[in-house]
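> okay, predicted coordinates and the sequence, questions at the end:
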Amino acid sequence: GGDPYRLYNLDVFQYEIFNPMALYGTVPLLLAHNLRRTLGIFWLNAAETWVDISSNTAGKTLFGKMLDYVQGANEIPQTDVRWISESGIIDVFLLLGPSPFDIFRQYTSLTGTQALPPLFAISYHQCRWNYNDDEDVQAVDAGFDEHDIPYDVIWLDIEHTDGKRYFTWDPNKFPNPKAMLQNLAAKKRKMVNIVDPHIKIDSGYKIHTTIQSRNFYVKTKDGNDYEGWCWPGSAGYPDFTNPEMRSWWASMFAYDQYEGSMDNLYTWNDMNEPSVFNGPEVTMHK
């Protein structure tokens, strides 16, 4: 009875409730459920896709449904689903269930299963955008103790970095990250800080010059490094479809690579979609 669901990764700043608009991630899996069984459809296509769900009872008021019943209408309720992808081949998997548990077992046999999270990940986490400096972190941490509220993990957003240069600390706001982390570790608490997948274009920034020299940035159709505007300003976008790029990026999370790191520091990989503030629909050109 309305717009189709759109499967296209976008950085939606203000999501509208009960709206099928595009979101940060897309999972082309649909479940159909009734009292007898559950069926599933997995539509394996990476292109922009629309999922149109319609029903022959959609739009009917309660009075209309009662009138159909009184008049003995024999129309069988039916829901239709139409999958529309802009490109690619039709590669569809029917998951026969019959239970929801069976559906997810069948689905994960195709996609793989999620790694078990560390135990601390299911505890209380404290996060906001943003903590101003290490004194702010200490004050919030002390506040939890003062009010006797247990928590295990505190998160830092983008302002902890040196000018939005990821894998760095702001030397003025966070001059001694090791001491800050040690204070948390003494209470058996951990810290998570953010790394975004867009890199500030700055000739003095080692991460940028390494990616550029290894030719790891996403290219335009003319073969040049793609540039867009995001939190750091003018930014390049690492090409995560390149296995060499993925391997190098993973190596950057080793403890000895990160400035001021230690073993109770964890990383939050944010913004999976290519967020481009000056791009079409706040994303990268197709």
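Received, thanks. Residues are numbered from 1 along each chain as shown.
> and residue 134, what does it touch?
Residues counted as contacts of residue 134 (Cβ atoms under 8 Å, 6 or more residues apart in numbering) are 173-177, 180. Just so you know, the C-beta spots here come from the backbone N, C-alpha and C atoms, and that holds for glycine as well.
> could you rerun that using 10 Å?
156, 160, 169-170, 173-177, 179-181, 183 (Cβ atoms under 10 Å, 6 or more residues apart in numbering).
> backbone phi and psi for it, please?
For residue 134, the backbone dihedrals are phi -70, psi -30 (criterion: degrees, to the nearest 10).
> which one of the contacts of residue 134 sits in the busiest neighbourhood?
residue 174 (26 neighbours; other Cβ atoms under 10 Å).
> gap between it and residue 25?
30 Å (Cβ to Cβ, to the nearest Å).
> got it, and residue 82?
Computed as Cβ to Cβ, the residue 82 to residue 25 distance reads 22 Å.
> tell me which stretches of this structure form strands.
Ranges of strands in the chain, per DSSP state E, are 5-7, 29-33, 38-43, 49-55, 79-85, 92-95, 125-127, 153-156, 190-195, 199-200, 227-230, 233-236, 265-269.
> partner strands of the shortest one, parallel or antiparallel?
Using DSSP bridges, strand 199-200 pairs in its sheet with strand 233-236 (antiparallel).
> please apply the same query to the second one.
Looking at strand 29-33 with DSSP bridges, its partner strands are strand 38-43 (antiparallel).
> show me which positions of the partner strand end up buried.
Buried residues in strand 38-43, counted by 16 or more other Cβ atoms under 10 Å: 38, 40-43.
> which one of those residues is nearest residue 109?
Nearest to residue 109 among the buried residues of strand 38-43 is residue 42, at 10.6 Å by Cβ to Cβ.
> tell me the pLDDT of the residue sitting furthest away from the middle of the chain.
Computed with Cα atoms, centre = their mean, the residue of the chain farthest from its C-alpha average is residue 71, at 49.9 Å. On pLDDT, residue 71 comes in at 71.
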